[in-house]
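In: Generate coordinates for the sequence data below:
(chains A and B)
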Amino acid sequence: MSASSDKPVQLHTSPHLHQPLTVEKIMRHVVYAMLPMCAWSVYQFGLSVLMLLIVCTAVCIGTEHLICRWSGKPSTVNDWSAAITGILLALILPPGFPIWMAVVSAVFGVAVGKMFWGGLGFNVMNPALVGRAFAQAAFTVPMTTWVPSMAPGRFTQFIPSTWTPPLMVPRPIAEWLDQIAVDGFTGATPLALMKYNQESTETLALLTGTITGSAGETSALLILLGGLYLIVRKMMDWRITVSILGSAFILSGIFYWVDPTIYPSPFFTLFTGGLMLGAVFMATDMVGSPETAKGAWVYGILIGVLTVIIRLFGGLNEGVMYAILLGNAASPLISKMTQPRKYGALKKREAKA
Amino acid sequence: MLSDLQHSLLNGGSFAHGIHPPDNKHYTAGKPITRFPFPPELTLLLSQHFGKPSKPLVRPGQEVVRGEPIAEADGFMSVPLHAPATGVIRKIDWAPTQKGPRVPAIYLTVTPGDSQEILYGAQRDIDQLSPKEILQAIQDTGLVGLGGAAFPTHVKMSPPPEHTVDTILINGCECEPYLTTDHRLMLEQPEALVRGTQILMRAMGAQRGVIGTEDNKRDAAEAIKRVLPSDGSVTVKVVPTKYPQGAEKMLAKALVGREIPSGQYPSSVGLGVFNVATTNQIGTLLPMQRGVIERVVTVTGPGVDKPGNYLVALGTPLRFILQRLGYHGSAKYLIMGGPMMGDTVSSLDVPITKGCGGILVPRPEDIDNLAPRRTYPCINCGKCVEACPMFLNPAVLGKLAVKRQHEEMLEYNLLDCFECGCCSYVCPSSIPLVQYFRVSKAMNRELKAAAK
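Out: Numbers count the residues shown, from 1 in each chain, chains lettered A, B, ... in the order given. Modelled structure (predicted):
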């Protein structure tokens, strides 16, 4: 279409009004909502996480741009969705994750998780989670190697494993750990401590994020703030977050009530691992979630329940990622089964209206 | 069926879903209705209504008097047409319309300097008429739904014999942004409105009349309350402002909590629904045995110098109205009707018809906000699902439309869509959903015709 001012008369169909919210705006505000989290994780883990954030974001945007170009389509990177994928991916990788592995995961996530389906709006699963699932399968050891937070010198030096040469196994970090001498660091996340040692962590530490874990999963408080911002601006479906957190809380509460010596408290479930990040920023990804209100509840509860079941009975100590991916996969079916009842629908099908 | 109390508890006295666009009624809400001058020539479309076009009763060169019938109804599904001014018939020829296609019209040259007194008609006592005679009298006025649908009023008043109508709903919601014609009519002529309501109730055998309006027009509600009949048969109900409250089905839900079944008339749940402007005209014209020759039109928008509510003779061309009122720019983007369901017009020769209640004139700098924006793929946000007052799923319908699966769209209740525009309004991807649905409906009509 040529510039509207050159045309003598413009004919368009109604409605002629549009609300100001656009996809580009929604995506941009999601990025804004994640910035405090990013800042906190950089403060917590230092240069390595900063590098991870920059590289993941740049690679995601670049991959999308290149694939658009190769397929002869206009580039779609200015809708900000690739940036979201990059930031999310960086936030769900361990802080000392080798950069070359992050690059591979980011390319995989965007290419296979998003662009192969047709780009934004057509992908079935959350591309950041697809990237992480790939990393989990391909780079199992680095994906479970954790570093202490608030390490001294984190703003002047990288975690040694960050700059692993491409196609090499990560450099061992034991020496570095001795050097920075953090007392009592076991290299295990609160969830792993719980699963394998039945050792709980204080809720306050979980809430504020002075624990170890993936860069972005540590401070539940900042995640919730970001989510609240999006809910207030009507850019996020609160039903999904509420139903995931609610169902996970209730289900783990039941287990805790049955036997508090084996099972963690529901608060622990809520604030550990990626549950908060997943419930606020990943499961709510509009593309992979049902568009009906009823469907959102079903989808959220499914993810909440799956998370708890994987955590308590699965081989892994963390289950949010697979729970959301499964939820994404089930989403079209959930949508189909929760279509709204149209106004004036007849109770009984009459032979002839 | 819900009781009134349950209904107001569940829905806050309104219907579910819908949207809240900025109403922008401040341009004209405070402007009293004033008469607009006659143009040198009127273009009277023979098809200003839904149904068969009227049959002309006049020949070129014939002189006609204001109020005189110049075309007659062609069957039941049609209405007559009256001369809006004293003058001479110049020709019967094609004319451009609001919707686009050209239709035959009577061109009437207005006699300059004439007093333009209505000489036709005579007083009569409505109370002496039987319901059947009222129906005939209403067809004789040429009345159609003045809210925009332009469906012949007497047809609407003739429900299938198996339906009993107990309540008449008068639609004073005027939920379209910018428009204020119904608001002014309720405020300035509440007596005619109440009289019209009573005539409708008598003709359809209803015991109750409810005049519904939105809470941005409380002054109008107060004005009506002052002239309500003492027997309590007619009441006023103020509901929260929301679009598209003025749609028949939404209004039924909002005012009396009844849901009109899919594909059925309001009479199937005992309702008759009429617009304020229509009812006002029934109350005004019927006792005088006159025909519809003029209507109130809101001329509004930032692009017009003298916005207001004007009583305009039918057939007045847009060009004349805009030139008299003054407008900025070149009228490249001109909307007849409201911004949610109105049409952009291609020519300033398009005349005012019975169904046209508004002319919206944007400034040149507003056009970029009105014109279609860049579209993104559907991101499944579900905002359209939450907006659709018919509880359809525009997201799925839109995706099927893109894939040209028009027949499959019927399973997702495509035909229940009445094109209110809520889904297109809220869509952050700016997908022209309503436009898709119009095309798909047309495709289905063609497929159905081909199958026969």
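
In: what residue of chain B is the furthest out?
Out: Here chain B reaches farthest from its C-alpha mean at residue B:379, the gap being 34.4 Å by Cα atoms, centre = their mean.

In: wait, what's in contact with that residue?
Out: A:23, A:26, A:120-121, A:286-287, B:428-429 (Cβ atoms under 8 Å, 6 or more residues apart in numbering or on different chains). C-betas here are computed from N, CA, C, even on glycine.

In: out of those residues, which are buried?
Out: A:23, A:26, A:120-121, A:286-287, B:428-429 (16 or more other Cβ atoms under 10 Å in any protein chain shown).

In: What residues does the most centrally placed residue in chain A make contact with?
Out: Centroid-nearest residue in chain A, with Cα atoms, centre = their mean: residue A:282, separated by 3.7 Å. Taking Cβ under 8 Å, 6+ apart, we find residue A:282 in contact with A:88, A:126, A:128-129, A:274, A:320, A:324.

In: And residue B:339, by the same measure?
Out: A:14-17, B:21, B:176-178, B:360, B:370.

In: burial of the residue in the stretch 101-250 of chain B positioned nearest to chain A, as a residue count?
Out: In the stretch 101-250 of chain B, the residue that lies nearest chain A is residue B:249 (6.1 Å; Cβ to the nearest Cβ). Per other Cβ atoms under 10 Å in any protein chain shown, the neighbour tally for residue B:249 reads 23.

In: do residue B:55 as well
Out: The burial count assigned to residue B:55 is 14, neighbours taken as other Cβ under 10 Å.

In: If we look just around chain A, which residues of the stretch 1-150 of chain B are in range?
Out: Applying Cβ under 8 Å from any Cβ of the partner chain, we find that the stretch 1-150 of chain B lies next to chain A at B:19, B:21.

In: in stretch B:428-438, what's buried?
Out: So for stretch B:428-438, counting by 16+ other Cβ under 10 Å, buried means B:428-438.

In: filter those residues down to the ones close to chain A.
Out: B:428-430, B:432, B:434-435, B:438.

In: could you dump the buried residues of stretch B:428-438 to a markdown table with pLDDT and secondary structure?
Out: Shown next, in a markdown table, are the buried residues of stretch B:428-438 (pLDDT from 0 to 100; DSSP: H, G, I helix; E, B strand; the rest coil):
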| residue | pLDDT | secondary structure |
| --- | --- | --- |
| B:428 | 94 | coil |
| B:429 | 93 | coil |
| B:430 | 93 | coil |
| B:431 | 94 | coil |
| B:432 | 94 | coil |
| B:433 | 96 | helix |
| B:434 | 95 | helix |
| B:435 | 95 | helix |
| B:436 | 95 | helix |
| B:437 | 96 | helix |
| B:438 | 95 | helix |
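
In: related to what we said a few turns ago, just the buried ones among the contacts of residue B:379 now: which is nearest residue B:81?
Out: Closest approach to residue B:81 among the buried ones among the contacts of residue B:379 (Cβ to Cβ): residue B:429, at 44.4 Å.

In: my guess is that closest one meets residue B:378, correct?
Out: Yes. Between residue B:429 and residue B:378 there is a contact under Cβ atoms under 8 Å: 5.7 Å.

In: which neighbours do these two share?
Out: In contact with both residue B:429 and residue B:378: residue A:121, using Cβ under 8 Å, 6+ apart.

In: for the chain, what helix or strand is lowest in average pLDDT?
Out: Let's take chain A. Lowest by mean pLDDT, DSSP states H and E among the helices and strands of chain A is helix A:203-208, with a mean of 68.

In: Chain B, not that one
Out: helix B:4-11 (a mean of 53).

In: after that helix comes which helix or strand?
Out: Towards the C-terminus, the helix or strand next in line after helix B:4-11, according to DSSP states H and E, is strand B:34-35.

In: Which residues are in contact with residue B:363?
Out: When contacts are counted by Cβ under 8 Å, 6+ apart, residue B:363 touches B:301-303, B:328-329.

In: Quick one, grab the pLDDT at the closest residue to residue B:23 other than its chain neighbours.
Out: Closest residue to residue B:23 apart from its sequence neighbours, by Cβ to Cβ, 6 or more residues apart in numbering or on different chains: residue B:177 at 4.9 Å. On pLDDT, residue B:177 comes in at 94.

In: In this structure residue B:177 contacts residue B:27, no?
Out: No. Applying Cβ under 8 Å as the test, residue B:177 and residue B:27 come out as separate, 10.3 Å apart.

In: Once you drop chain neighbours, what's closest to residue B:147?
Out: residue B:275 (3.4 Å).
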